[in-house]
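# Requesting a structural model of the entry that follows:
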Amino acid sequence: MNAPFRDPRMLDVAIIGAGFSGLCMAIKLKEAGRTNFKVFEKASDIGGTWFLNRYPGCACDVPSHLYSFSFEQNPNWSRAYSPAGEIWRYQKATAEKHGIMPFIRCGAEVARAEYDEPAQLWRLTLANGETFAARALVAGAGILHVPLYPEIEGAGSFAGKVMHTADWDDSYDLTGKRVAVIGTGASAVQLVPGIADKVAHLDLYQRTPGWVIPRMDYAFDEKSKRRFARFPALQRLFRDLIYLRAESLAYGFTRSPKMIAKFQKLAEAYLAKAIPDPVLRAKLTPNFPIGCKRVLISDDFYPALQRENVDVIADAVTEITPKGVVTADGRLREVDAILYATGFRVTDWLSHVDIRGRGGRKLIDDWRDGASAYYGVAVNGYPNMFLLLGPNTGLGHNSVVFMIESQVRYAMDCLKMLWKGAGSLEVKADVQAAFNSTLHEKMKSTVWMSGCKSWYLNPNGTNSTIWPYFTVTYWRKTRSANKRDFDLAPVRIPAA
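Residues are numbered from 1 along each chain as shown. Okay, the predicted model is just below:
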């Protein structure tokens, strides 16, 4: 599986996406001595989420020393929670250090991937019509890259500037503008403080408030950076302590309502202290348990909402006109720009790629009622295909980079079966079904299924997004791939 094909379009492994997932997969393939692979990235540069999201205030809500590769720790993070640009530069430096940039092709969107069963190959077609073939397909495109726009009557008629946080126009100057921000999730709590002091007026349209806890961000001084660089073990210890603190939340989210109640008390106390106005505080008080929706982390969101030039609008948006936004009370608020902070199409896994498996079956059809996979990596009916950050491997409490490294190790273990002579490898249907049955039974007792409507859930109410256990459990269960879980077929010799 590392043969020197004469045709450069014939690959051992094709990887979709050059974010954290794709970069990790590429690095581990190269470390294993496998060099006949290519990473296809639709954007003009690598980085995935951290290249595409560049709105003011954009940062990670997981501490930087944990939100990074365990094998490439960075002693020079500027802050506890580094901004998006710094994370992207870390990705770029990591890719260059490990020598994988020559294997990455940017501006190369994969439009279709179809499994050729007789040839035991994946046939890829790019958006520009180019074709490639690969023995194995790794889909590392993730879920935080296809913007979600709410369906609002007249949205297309607005005459001013329209931007989504995932499709930001750096050339547009918001200074002195009247703006409407639609959405109050994780992007909005960063965007609003990032622009509130520049705009003339800001209307924040809130459908449902979220629980906010303080970020407690701080900068690292040069002495701390030098200490981490000189003593890598000290940085590993610091990383481990962050991990353990984050992991402890999983106990509350999955097993202990009492712990969640205490956590919520802290959020309530923060809200009461930060928002003295009882009317505004009432608007910002959620009616669901903390953790049911994504917990928001910010030190400056609540202060920004109390600026004289900021209004929180809790009335439903009913229409958008060429001049602005109309709410349920019939009022039109005129604005120069509408900024959507409405997140991503999270439950539409890989909907942007036409993936077809054994017998021509379509992944989008198989996942119509909710995506499912085996440990989020392997899918029955799709031989030699491996997902990274696939169904039920997202997190509400810890670093997904930790999950990515576990998944890459598991996928590499599967690939070894192909390297040792198998022609195809496919998870057994009953194995996948039993795994998901157990997983969703466990999910019922978690905070994520406690009754609120969130982006974690499919339209039918099931949760195909979150991992409902500890991350260390996932790490342990994916340390190696069990041959008994898969159907392996020998290499087919093509007819003469």
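# rest of the way, CA atoms for contacts and neighbours
Fine.
# Low-confidence ranges, this structure, go.
Where the chain drops to pLDDT under 70, the residues are 1-9, 143-145, 345-349, 493-496.
# By residue count, tell me the biggest helix in it.
helix 232-254 (DSSP state H).
# List the contacts of stretch 448-456.
For stretch 448-456, contacts defined as CA atoms under 8 Å, 6 or more residues apart in numbering pick out 253, 288-289, 291-294, 346-347, 443, 463-466.
# follow-up on the earlier one: for the longest helix of the chain, list the C-alpha coordinates in CSV.
Backbone C-alpha positions of helix 232-254 (Å, rounded to 0.1, in the frame of the first residue of the first chain) are rendered in CSV as follows:
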residue,chain,number,x,y,z
PRO,A,232,8.9,20.5,28.8
ALA,A,233,7.9,18.2,31.7
LEU,A,234,6.5,21.3,33.5
GLN,A,235,4.4,22.2,30.5
ARG,A,236,3.1,18.6,30.3
LEU,A,237,2.1,18.8,33.9
PHE,A,238,0.3,22.1,33.3
ARG,A,239,-1.5,20.5,30.4
ASP,A,240,-2.4,17.5,32.4
LEU,A,241,-3.9,19.7,35.2
ILE,A,242,-6.0,21.6,32.7
TYR,A,243,-7.2,18.2,31.2
LEU,A,244,-8.2,16.8,34.6
ARG,A,245,-10.1,20.0,35.5
ALA,A,246,-12.0,19.9,32.2
GLU,A,247,-12.6,16.1,32.5
SER,A,248,-14.2,16.5,35.9
LEU,A,249,-17.1,18.3,34.3
ALA,A,250,-18.0,15.1,32.4
TYR,A,251,-18.9,13.5,35.7
GLY,A,252,-21.6,16.2,36.2
PHE,A,253,-22.8,16.2,32.6
THR,A,254,-23.2,12.4,32.5
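# so what does the very next helix or strand once past that helix touch, helix or strand wise?
Proceeding N to C from helix 232-254, the next assigned helix or strand is helix 257-274, under DSSP states H and E. Applying 3 or more CA pairs under 8 Å, 6 or more residues apart in numbering; DSSP states H and E, one finds that helix 257-274 contacts strand 212-213, helix 232-254.
# Touching helix 257-274 from outside, list them.
Here helix 257-274 has contacts from 211-214, 251-253, 281, 285, 289-291, 302-303, 447, using CA under 8 Å, 6+ apart.
# from the residues you listed, which single one is nearest Gly85?
Pro214 (22.0 Å; CA to CA).
# The closest one is in contact with Ser298, isn't it?
Yes. If you go by CA atoms under 8 Å, Pro214 and Ser298 touch, sitting 5.1 Å apart.
# between the two, which one's more packed in?
Ser298 (19 against 16; other CA atoms under 10 Å).
# wait, what's in contact with that one?
Ser298 neighbours (CA under 8 Å, 6+ apart): 189-190, 212-216.
# Show the buried residues in those.
189-190, 212-215 (16 or more other CA atoms under 10 Å).
# Take those residues and write them to a markdown table, including distance to Thr393.
What follows is the buried ones among the contacts of Ser298, written out as a markdown table (distance: CA to CA, whole Å):
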| residue | distance to Thr393 |
| --- | --- |
| Val189 | 24 |
| Gln190 | 25 |
| Val212 | 23 |
| Ile213 | 24 |
| Pro214 | 26 |
| Arg215 | 24 |
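# After the longest strand belonging to the chain, which helix or strand is next? Please name it.
The residue-count maximum for a strand in the chain (DSSP state E) belongs to strand 131-139. Next in sequence after strand 131-139, counting helices and strands by DSSP H and E, comes strand 161-164.
# tell me which strands and helices the helix or strand following that next one is in contact with?
Using DSSP H and E, the helix or strand that follows strand 161-164 towards the C-terminus is strand 178-182. Packed against strand 178-182 by the contact rule (3+ CA pairs under 8 Å, 6+ apart) you find strand 201-205, strand 337-340.
# So for the helix or strand following strand 178-182, what gets flagged as buried?
Following strand 178-182 in sequence order, the next helix or strand is helix 188-195 (DSSP H and E). Neighbour counts over helix 188-195 (16+ other CA under 10 Å) mark 188-195 as buried.
# Using a markdown table, lay out these together with distance to Val146.
Formatted as a markdown table, the buried residues of helix 188-195 follow (distance: CA to CA, whole Å):
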| residue | distance to Val146 |
| --- | --- |
| Ala188 | 17 |
| Val189 | 20 |
| Gln190 | 19 |
| Leu191 | 18 |
| Val192 | 21 |
| Pro193 | 24 |
| Gly194 | 22 |
| Ile195 | 23 |
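# Return the closest of those with respect to His98.
Nearest to His98 among the buried residues of helix 188-195, with distances taken as CA to CA, is Gln190, at 32.1 Å.
# could you say which helix or strand contains the nearest residue to the closest one once chain neighbours are set aside?
Spatial nearest neighbour of Gln190, chain neighbours left out: Gly57 (5.0 Å); criterion: CA to CA, 6 or more residues apart in numbering. Secondary structure assignment for Gly57, by DSSP H and E: no helix or strand.
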